[in-house]
Every structure is written in structure tokens, then in C-alpha cells.
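Participant: sequence unknown, structure follows:
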């Protein structure tokens with residue numbers, strides 16, 4: 001298994017793990033957005049959606065463990081690649097030509113990823129914790145999940161953090177989508193422009209879709 005260890009510790013190995021885990025997270029975000037859209041259809045629709053997930057709770061728990069592993073490996077290898085690139089770059093550069101050789105998305109991946117990670121910790125500490133572990137208000141015990149979401153979306157700093165994180169997520173996804181295809185060797189002169197457009201469309205849909213929820217709730221006081 002030494003060959004596998006050597007591969008995973010190589011630059012291409014780290015990028016391959018990033019692509020695999022990133023692709024899984026891309027699918028999760030799409031499914032997660034579809035589910036969360038039920039918030040716009042009112043309290044009964046969203047509470048019904050969350051309660052429906054409880055029917056397949058064992059499967060959901062397995063998926064959550066896979067998601068956790070994907071996040072850990074994605075973040076870990078992202079940090080390793082960032083550190084590797086930083087060490088490879090001379091410290092005494094007076095002129096940085098990176099802007100000519102890379103996009104703003106690739107140059108800000110570590111920053112956007114770090115802020116998204118902070119948001120993820122806060123997000124899990126609010127919705128996930130309240131839904132699945134302990135809700136001081138008791139709303140989760142009565143399956144009033146919609147009211148929990150509405151309560152947090154009335155907090156201005158949480159809404160602001162959410163929206164900023166989603167904007168950065170859009171940048172992160174735009175580059176990550178294209179990088180995954182490149183890592184898998186699926187890019188070509190013929191298909192790369194299409195992949196770039198699809199990546200941009202996907203990133204916009206995810207960013208706007210998720211960000212629209214806290215904005216709508218904050219401005220309207222919640223869907224009735």
C-alpha cells in the first residue's frame with residue numbers, strides 16, 4: 001500500500017482527493033438546496049420535508065458520516081495544497097505575476113474556503129444542533145423546524161454571515177467545478193468553454209438559491 005500512500009501525498013494525489021470529495025459535496029449542495037426550497041412554500045411544507053427525512057434516519061446518519069469524511073478530507077488536502085504552493089513560491093518576489101496565470105477564483109480558494117469553514121461550524125451549531133441534538137426552546141420536539149429557521153433568520157448578523165458565506169461559496173464552487181473536470185482529465189479545447197459555463201451557472205444557482213432564503217425571511221419576517 002506504499003504506492004497508495006505515495007500517490008495521496010503527491011500533488012496530483014491531493015488534487016485527486018480534492019476533486020473526488022468536491023464532486024460529492026457538489027451533489028450534496030444541489031440536493032440540499034432542493035430540500036430547503038420548501039421553506040418558500042410555508043411552515044407545513046418545510047416541517048413535512050424534515051419529518052419525512054426522519055423516516056429514513058438511519059440512511060441519513062450514514063450519509064452524514066460520509067459527508068463529514070468528505071469535508072475533512074477536502075479541507076485537509078486543500079490546506080496541504082495551499083501550504084505546498086506557498087512553500088514553493090519564493091518569499092522575495094517583488095513582482096507577482098500570478099494574476100496573469102490564474103483566475104481570481106483560484107487565487108482566493110484558501111481564503112474563501114476558510115470563511116466557508118467558519119460559517120459551516122456556526123451553521124452546524126445552530127440548525128443541525130437544534131434539529132438533532134438539543135433545542136432549548138423545545139420547538140424541535142414539536143417538529144416546529146420552520147420556526148427554528150425563521151428565528152435564526154431574524155438575527156441580522158447571522159443573515160449577514162450567511163449571505164457573505166454564500167457569495168464566497170459561489171466563487172469557491174465556480175473554480176472547484178472546473179478544477180474537478182481538469183483533475184479527472186476531462187477538459188479539452190472543445191469542451192472546456194462548456195464546462196466553464198456550466199460551472200458558473202451552477203455556482204450562481206447555489207449562491208443565489210441559498211442566500212435568497214435568509215434575505216427573504218429577514219425582510220418579510222417569515223413565510224406564513
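Facilitator: Looks like it arrived, so ask away. Please read these numbers as outputs of a predicted model, since none were measured by experiment.

Participant: Distance-wise, check residue 22 relative to residue 29.
Facilitator: Residue 22 sits at a distance of 10 Å from residue 29 (criterion: CB to CB, to the nearest Å). Yep, even glycine has a C-beta here, placed from its N, CA and C like the rest.

Participant: Which one's more surrounded, these two?
Facilitator: Neighbour totals were compared for residue 22 and residue 29, and residue 22 leads with 22 against 17 (other CB atoms under 10 Å).

Participant: so the more buried one makes contact with residue 178?
Facilitator: No. Counting by CB atoms under 8 Å, residue 22 stays clear of residue 178, with 10.8 Å between them.

Participant: which residues in the chain form helices?
Facilitator: Secondary structure of the chain by DSSP state H: the helices cover 2-9, 11-36, 43-55, 57-88, 98-101, 104-107, 109-123, 129-132, 145-152, 156-183, 192-220.

Participant: What part of this protein, helix or strand, is modelled with the least confidence?
Facilitator: Within the chain, confidence by mean pLDDT, DSSP states H and E is lowest for helix 98-101 among all helices and strands, at a mean of 48.

Participant: Pull the number of nearby residues for the closest residue to residue 14 other than its chain neighbours.
Facilitator: When the adjacent residues along the chain are set aside, residue 14 lies closest to residue 77, with 4.6 Å between them (CB to CB, 6 or more residues apart in numbering). Counted with other CB under 10 Å, residues neighbouring residue 77 total 21.

Participant: Residue 77 is in contact with residue 16, isn't it?
Facilitator: No. In this structure, residue 77 is not within contact of residue 16 by CB under 8 Å, at 9.0 Å.

Participant: so where's this protein uncertain?
Facilitator: Low-confidence segments of the chain, defined by pLDDT under 70: 1, 3, 89-108, 110, 186-188, 222-224.

Participant: just to revisit the earlier point, let me have the helices of the chain in CSV, adding distance to residue 139 as columns.
Facilitator: Below are these laid out as CSV (distance: least, CB to CB, whole Å):
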stretch, distance to residue 139
helix 2-9, 44
helix 11-36, 18
helix 43-55, 10
helix 57-88, 19
helix 98-101, 49
helix 104-107, 39
helix 109-123, 18
helix 129-132, 8
helix 145-152, 5
helix 156-183, 17
helix 192-220, 15
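
Participant: Tell me who's in contact with the spatially closest residue to residue 8 that is not a sequence neighbour.
Facilitator: The shortest distance from residue 8 to any non-neighbouring residue, by CB to CB, 6+ apart, is to residue 17 (6.6 Å). By CB atoms under 8 Å, 6 or more residues apart in numbering, the contact set of residue 17 is 8, 73, 74, 77.
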